[in-house]
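K.L.:
Would you be able to build a 3D model of this:
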Amino acid sequence: MSAAAVLVWLGMVIAISFIEAPLKFRAPGVTLPIGLGIGRLVFRALNIAEGLLAALALAGTLLAGIGGAALSALGLAVIVLVVQVAAVRPALSRRSDRVLAGETGPRSHAHLIYVALEVLKVAALATAGVLLLKP
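P.N.:
Here you go, the predicted structure:
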């Protein structure tokens, strides 16, 4: 159960963060405000799903008595998710609010931080998934 939850979580992050998010701005007719609006909805839903999958994976891992590197990698992924949701997403939301209100200005460093955290989360999830699949 834990491995399945981790691998579904990993697939969702890769599909949305590294495929859907960058491509939506290249679609014909998608303006920056439309893309930001879609992104807010998609990432809110992703983060909710991630929270549920994280809880399922942690519960399954702990109930199975799995510790060590698998639990550490899963724990890192959960910590990254909490940092993203609690610290980085609010900054991104404030920035997108300003852009949607018509403000222009320099790009937000919060976006780069979010992407770096996504890369770290993918590595942690891949590691946890592989370790949880081992007998």
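K.L.:
what number of residues lie near His111?
P.N.:
14 (other CB atoms under 10 Å). Where C-beta positions appear, they are placed from N, C-alpha and C, glycine not excepted.
K.L.:
Could you do Val6 as well?
P.N.:
When neighbours are defined as other CB under 10 Å, Val6 has 31 of them.
K.L.:
Now do the buried residues in whichever strand or helix holds it.
P.N.:
Per DSSP states H and E, Val6 falls inside helix 2-13. Burial within helix 2-13, assessed by neighbour count using 16 or more other CB atoms under 10 Å, is assigned to Ser2, Ala3, Ala5, Val6, Leu7, Val8, Trp9, Leu10, Met12, Val13.
K.L.:
got it, and stretch 85-100?
P.N.:
In terms of neighbour count (16+ other CB under 10 Å), stretch 85-100 has its buried residues at Val85, Val88, Arg89, Leu92, Arg95, Ser96.
K.L.:
what does that stretch contact?
P.N.:
32-33, 36-37, 39-40, 43, 47, 51, 105, 108, 110-111, 113-114, 117 (CB atoms under 8 Å, 6 or more residues apart in numbering).
K.L.:
from the chain's centre, how far out does that stretch sit?
P.N.:
Computed by CA atoms, centre = their mean, to the nearest Å, the chain-centroid distance of stretch 85-100 equals 15 Å.
K.L.:
rewinding a little: could you pick out the buried ones from the contacts of stretch 85-100?
P.N.:
Neighbour counting over the contacts of stretch 85-100 (16+ other CB under 10 Å) leaves Leu36, Gly39, Arg40, Phe43, Ser108, Ala110, Ile113, Tyr114, Leu117 as the buried ones.
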